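J.: mind folding the following:
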Amino acid sequence: MKKKKEKAASGLRKGRIAVAMAGIVLCMVIADNLRRDFFMVENRGAITVDGVFRTKPVEEPQGQVAFEPGSQPFADSCAAHEPGYNVTQAQAAELSQGLLAVSSAANPATPKSDQQLVNLSNYKNDFYSVDDETLVLDKNAADALNAMMQDYSNATGLNDFLVYGTTNTSGEAGSVCPKAYPDCASGYTVDLALYGYLGMIGFDGYDAEGWIIENCHNYGFIVRYPAGKESVTGETFCPWHLRYVGEPHAAAMKQYNMCLEEYISFLSSSSVQQPFEYSSGTANYKIYTVPSEGEITNVQVPVGGNCDISGDGSGSYIVTARVK
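T.: The predicted structure is shown next:
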């Protein structure tokens, strides 16, 4: 009898131990679940504490990683840019290139590497003449010049204009175009003279021929050194020296009575976030300035690439984007 009682007591103790262990395990499971509900650990560097996200601080890397000069790995993919824009790179040499580059004797214009030049003698229409069969001009400028001269002839009944120079105006003393300007090398300039019965004469911007001065902005041209802006440009009124800058810019400068220097200064306060918006005809444009960052500058341009990038001749790039 005694042995049976001892065996029963032993079994009772083992059962109590098993129940206690099961209770401990259950308590651990419950405690762990409560902990997980209270602190939800995510895999993306954020912790949820009572529903409020707290970002984990990012540790600064110790030391620097050396790359090959100029390689700039991941420059495009990592550059922050606006939605709907991509990043392209502009070289420092491009600051003196393009439609809007302001040129000087110390900083002369240089042609763009991808610029399409045409022989004006072969490309022109019948509404004007050229003085030299070797004259070349940017194709877009030549198209605009043809349209302008045809409309001039239709409006006045005259076809007396002669293109005396483009990229190679001599500026010799006594010439009908007595000075060569530093932007001639850009391929966007046209120096005009008049052709009459007695030969070539200088163009002074008056009489019926003054139609060109009043209307050239409709074709993307400006009088590079206009009257009344001598203190800004540093040059006297020069009606015979036209500069092609594209229709939206020429129209804006005409509307706001700005010379090129003033227009560049005006655009300097624009940015991709706050562009200058302008409508010319049926086309709408966003125009903004990107300051140079040195030898290579990341420039944001609209997806689709319907834009032009021009240097301003000093320290920035100007993006002209045509939008719907």
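J.: where does pLDDT dip in this structure?
T.: Across the chain, the ranges flagged by pLDDT under 70 are 1-81.
J.: the helices in it, which residues?
T.: 2-38, 75-78, 120-123, 139-156, 211-215, 230-233, 247-255, 260-267 (DSSP state H).
J.: how far is the fifth one from where the chain is centred?
T.: Read it as helix 211-215. Put simply, helix 211-215 sits 29 Å off its chain's centre (C-alpha atoms, centre = their mean, to the nearest Å).
J.: contacting residues around A144?
T.: 219-221, 244 (C-beta atoms under 8 Å, 6 or more residues apart in numbering). Just so you know, the C-beta spots here come from the backbone N, C-alpha and C atoms, and that holds for glycine as well.
J.: okay, now the closest residue to I296 other than its chain neighbours: neighbour count?
T.: When the adjacent residues along the chain are set aside, I296 lies closest to Q89, with 5.3 Å between them (C-beta to C-beta, 6 or more residues apart in numbering). For Q89, the neighbour count with other C-beta atoms under 10 Å is 15.
J.: who does Q89 form a beta bridge with?
T.: For Q89, the beta-bridge partners under DSSP bridges are N298.
J.: wait, isn't A109 in contact with T167?
T.: No: contact criterion C-beta atoms under 8 Å: A109 and T167 do not qualify, at 9.7 Å.
J.: overlap in contacts of the two?
T.: In contact with both A109 and T167: 184-186, using C-beta under 8 Å, 6+ apart.
J.: which of those residues tops the neighbour count?
T.: Result: S186 is most packed of these (other C-beta under 10 Å), 26 neighbours.
J.: for that residue, give me its contacts.
T.: S186 neighbours (C-beta under 8 Å, 6+ apart): 97-98, 101, 103, 109-111, 138, 167.
J.: separation between it and N107?
T.: Distance of S186 to N107, given as C-beta to C-beta, to the nearest Å: 12 Å.
J.: ditto for K139
T.: 25 Å.
J.: could you do T134 as well?
T.: 26 Å.
J.: neighbour-wise, which of these two wins?
T.: Using other C-beta under 10 Å as the criterion, T134 and N107 rank with N107 on top: 15 against 11.
J.: surely that one and S314 touch.
T.: Yes: with contact defined as C-beta under 8 Å, N107 reaches S314; the gap is 7.5 Å.
J.: quick check: closest non-adjacent residue to P239.
T.: Using C-beta to C-beta, 6+ apart and skipping residues adjacent in sequence, the residue nearest P239 is G205, 3.1 Å away.
J.: now the residue lying closest to V102 once chain neighbours are set aside, what are its backbone angles?
T.: Leaving aside its chain neighbours, V102 sits nearest to G313 (3.6 Å; criterion: C-beta to C-beta, 6+ apart). Backbone torsions of G313, given as degrees, to the nearest 10, read phi 90, psi -10.
J.: for G313, the count of nearby residues, please.
T.: 23.
J.: hang on, it packs against L95?
T.: Yes: G313 is within contact range of L95, at 6.7 Å (criterion: C-beta under 8 Å).
J.: which neighbours do these two have in common?
T.: With C-beta under 8 Å, 6+ apart, G313 and L95 have common neighbours A101.
J.: neighbours of T167, how many?
T.: 20.
J.: now it: how far from W240?
T.: 16 Å.
J.: let's see stretch 269-285 as CSV, backbone CA atoms only.
T.: Extracted in CSV, the C-alpha atoms of stretch 269-285 (Å, rounded to 0.1, in the frame of the first residue of the first chain):
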residue,chain,number,x,y,z
SER,A,269,16.1,84.7,-61.5
SER,A,270,14.2,81.8,-63.2
SER,A,271,14.7,78.2,-62.3
VAL,A,272,13.2,74.8,-63.2
GLN,A,273,10.9,75.1,-60.3
GLN,A,274,9.9,78.7,-61.2
PRO,A,275,10.4,79.1,-65.0
PHE,A,276,9.6,82.1,-67.1
GLU,A,277,6.5,81.0,-69.1
TYR,A,278,5.9,82.7,-72.4
SER,A,279,3.5,82.1,-75.4
SER,A,280,4.6,83.0,-78.9
GLY,A,281,2.0,82.4,-81.5
THR,A,282,0.4,79.1,-80.8
ALA,A,283,3.4,77.7,-79.0
ASN,A,284,4.0,77.8,-75.2
TYR,A,285,7.4,77.8,-73.6
